[in-house]
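>>> Fold the stuff below for me.
(one chain, ligands or ions: 1)
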Amino acid sequence: MAADAVIDLTLSAPQVVQSARDRFNEGRTRPLRFRKKQLNGLLEFVKENQNALLEAMHQDLKKPKQEVMVLEIIPFVKDVEHVLNHLDEWAKPEKPRKAMVNWMDGVMVYNDPYGVVLVMGAWNYPLQLTMTPVIGAIAAGNSVVIKPSDLSPATSQLMYDLLPKYLDRECYPVYLGGVKETTELLKERFDYIFYTGGTAVGQIIHKAANRYLTPVTLELGGKSPAYIDASADLDKTVKRVLWGKCINSGQTCVAPDYILCTKEVQDKFVKCAQKVMLEFYGQDIQDSPDYCRIVTDRHFTRLVGLLSGLKVALGGRYEAKDRFIEPTIAIDVSPNHPIMQEEIFGPILPIIPISSVDEAITFINKRDKPLALYIFSTKKRDREKMLKETSSGGVCVNDTIMHIAVEDLPFGGVGQSGMGAYHGSKTFDTFTHKKTVLVKDFQALPEKILASRYPPYSDSKIAFINLGMKERRRLSLKYLPHIIMFLLGAAVTVAVFYLCKYAK
Ligand code: NAD
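Here you go, the predicted structure:
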């Protein structure tokens, strides 16, 4: 796809938003053919620039090729393909069940785009966490102002340089910048804001959105616990927990933040973890091409600060000039230690000893609702108990992270970990206003029915309206034999009647 005009890099926030709004108001983003063309453009963008994307993410976070492919590029492609396969079906008006009073009316839900949407991406998975919402917003027929994170500058610059070659540049402008530029952007009026990032900035976004009562999705973070009991297969549990913690050096919103287990399980976990770390990364993790770096000096300093006062059982090395922190397991951690007061978002894994599933539930429920909860257990009753007695954005049993990769399972937080959800068809719904439509005509029969609402009022009119508002049930298949018998009976009766008549 070739660039068709030179992009103006000097547009201010109001100009960018106004231009996107003008295109939306002209109706450019609405036709399904146009939306599909943009989505196909996104497929080409990834196909033609895979190496550049790999290179940019390596520059930003030293991301290994496999993590970029499996956690960014492949899900991106699958997502666009899924949307293209289902867009016709999702976009068409829905026809819900009708009450008797509406049986002659058109009763529909139109799937309307909101208008101009702002998508603010996160730096830790800079392609996926920016573009997954964008894919849904385009599919739903909106204009989109795309704001990649300033903390992943190489990938964001690449998106800024390349996306306009594959997408309509006026309907889907890419806007770069840090706090100052974001603050400017948030002064503008949007019809929907989708933000992925930390809770504190999420509150700023929510406040800015409130000015125009703009609906928002906030994909935030929080401390996601992993509960492990003695019944779990420990070899597999350790691998699954450490993989979830170590990808992207722990900078994953759904990374297991801390472990709750008995002292016995803790000891076994640490022993097994030594073996697993060696298997994953070899003798010197810093030399491994499969391990990322911390995104900024600020986050590096914050994480190293959290190590202070911890009883380190594994790892613990770090190097500032490389922003490297070794995967670190700390044992017997007190719930009052600073590491338990904020989301870690790095490769440090504290273990908090508890003595029972009930204690684990109380521990979790005393804190903010997490984005994810991990339960490692083969005891069905305990699993059910935890599922029923705790609240979290999502739960994954006997694994980490994988629940967010299940097509059409909604992904999102609750309470402090966020509001709203997306993925699969839910992303399309997020950016769609469900518009109620009722169509009546002027024929005599419906008018007779409707007349019961007009004064003078009476008890018989109330009774009639009550009857009319009853839900019309669809005929259940279980009555099919009765209906066939009835029709057959009726046919036989009619046949006998005519036979008798003409036989005379
Ligand atoms: P952050 O929350 O500090 O956000 C950084 C971004 O916000 C930057 O782009 C910055 O320019 C902007 N920003 C900072 N201050 C601002 C202000 N006053 N006004 C406007 N914009 C401002 O990012 P972080 O803390 O480094 O991100 C990590 C957090 O994001 C973690 O909590 C993580 O769990 C969360 N996260 C959540 C998801 C999810 O899908 N739920 C995904 C990724 C990250």
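>>> Just the buried positions in stretch 327-336, please.
Within stretch 327-336, the residues that count as buried by 16 or more other CB atoms under 10 Å are 327-331, 333. All C-beta spots, glycine's among them, are computed from the backbone N, C-alpha and C.
>>> Pipe those into TSV and attach pLDDT and distance to Asp233 per row.
As requested, the buried residues of stretch 327-336 are arranged in TSV below (pLDDT from 0 to 100; distance: CB to CB, whole Å):
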residue	pLDDT	distance to Asp233
Pro327	98	21
Thr328	98	24
Ile329	98	19
Ala330	98	24
Ile331	98	21
Val333	98	24
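>>> Out of the residues you listed, which two are the most distant from each other?
Spatial extent of the buried residues of stretch 327-336 (CB to CB) is set by the pair Pro327 and Val333 at 15.6 Å.
>>> where does the closest residue to the ligand within the stretch 101-250 of the chain land in three-state SS?
Of all residues in the stretch 101-250 of the chain, the one sitting closest to the ligand is Gly221 (2.0 Å; CB to the nearest ligand atom). Following DSSP: H, G, I helix; E, B strand; the rest coil, we place Gly221 in the coil state.
>>> Would you mind measuring from it to Val117?
Shown here: Gly221 relative to Val117, a distance of 22 Å by CB to CB, to the nearest Å.
>>> ok, now Ser355?
Using CB to CB, Ser355 is found at 48 Å from Val117.
>>> Please apply the same query to Asn336.
Taken as CB to CB, the span from Asn336 to Val117 is 42 Å.
>>> who in the protein is up against the ligand?
122, 124, 129, 149-151, 178-179, 182-183, 196-198, 201, 204, 219-221, 253, 343, 345, 371, 413, 418 (CB under 6 Å from any ligand atom).
>>> Contacts only, for whichever residue of the stretch 251-400 of the chain sits closest to the ligand.
For the stretch 251-400 of the chain, the residue closest to the ligand is Cys253, as judged by CB to the nearest ligand atom, at 3.2 Å. Listed by CB atoms under 8 Å, 6 or more residues apart in numbering, the contact set of Cys253 reads 122, 124, 196, 219-221, 371.
>>> Might one say that Leu373 is in contact with Arg383?
No. The pair Leu373 / Arg383 is not scored as a contact, 10.9 Å apart, by CB atoms under 8 Å.
>>> if you count what's nearby, which of those two comes out ahead?
Between Leu373 and Arg383, counting by other CB atoms under 10 Å, Leu373 is the more crowded of the two (24 against 20).
>>> my guess is Tyr110 is in a helix, correct?
No. Assessed by three-state DSSP, Tyr110 does not belong to a helix; its assignment is strand.
>>> distance between the biggest helix by length in the chain and the chain's centre?
With secondary structure taken from DSSP state H, the chain has its longest helix at helix 480-503. Taking the mean of its C-alpha atoms, helix 480-503 sits 58 Å from the chain's own mean (CA atoms, centre = their mean, to the nearest Å).
>>> Please name every helix or strand in contact with it.
On a contact count with 3 or more CB pairs under 8 Å, 6 or more residues apart in numbering; DSSP states H and E, helix 480-503 meets no helix or strand.
>>> pLDDT averaged over that helix, what's the number?
Average pLDDT, helix 480-503: 77.
>>> same thing with stretch 470-477?
Here the average pLDDT along stretch 470-477 is 63.
>>> Regarding stretch 341-350, how distant is the last residue from the first?
Distance across stretch 341-350, first residue to last, is 12 Å (CA to CA, to the nearest Å).
>>> what sits up against it?
198, 221-223, 241-242, 245-246, 249-251, 255-259, 294, 299, 302-303, 306-307, 310, 315, 325-330, 333, 337, 339-340.
>>> at 6 Å instead, please
For stretch 341-350, the external contacting residues (CB atoms under 6 Å, 6 or more residues apart in numbering) are 221-223, 245, 249-251, 257-258, 303, 325, 327-330, 333, 339.
>>> Might you quantify the distance of it from its chain's geometric centre?
Stretch 341-350 sits 22 Å away from the centroid of its parent chain (CA atoms, centre = their mean).
>>> so for it, what's the average pLDDT?
98.
>>> buried set for it?
Those would be 343-350, for stretch 341-350 by 16+ other CB under 10 Å.
>>> want to throw those residues into TSV with secondary structure?
Below are the buried residues of stretch 341-350 laid out as TSV (three-state DSSP):
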residue	secondary structure
Glu343	coil
Ile344	coil
Phe345	coil
Gly346	coil
Pro347	coil
Ile348	strand
Leu349	strand
Pro350	strand
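>>> Let's have these in CSV, adding distance to Tyr422.
Shown next, in CSV, are the buried residues of stretch 341-350 (distance: CB to CB, whole Å):
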residue, distance to Tyr422
Glu343, 20
Ile344, 24
Phe345, 21
Gly346, 25
Pro347, 27
Ile348, 29
Leu349, 28
Pro350, 30
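>>> Dihedrals phi and psi, Leu151?
For Leu151, the backbone dihedrals are phi -90, psi -10 (criterion: degrees, to the nearest 10).
>>> roughly how far apart are it and Thr182?
To Thr182, Leu151 is 12 Å away according to CB to CB.
>>> Neighbours of the residue nearest to Ala320 when sequence neighbours are not counted, how many?
Leaving aside its sequence neighbours, Ala320 sits nearest to Phe300 (CB to CB, 6 or more residues apart in numbering; 6.4 Å). By other CB under 10 Å, the residues close to Phe300 number 21.
>>> again with Ala405
Burial measure for Ala405: 14 neighbouring residues, criterion other CB under 10 Å.
>>> And it, how close does it get to Asp233?
Taken as CB to CB, the span from Ala405 to Asp233 is 21 Å.
>>> Who has more neighbours out of Ser355 and Val117?
Neighbours per residue, other CB under 10 Å: of Ser355 and Val117, the larger number sits with Val117, 28 against 10.
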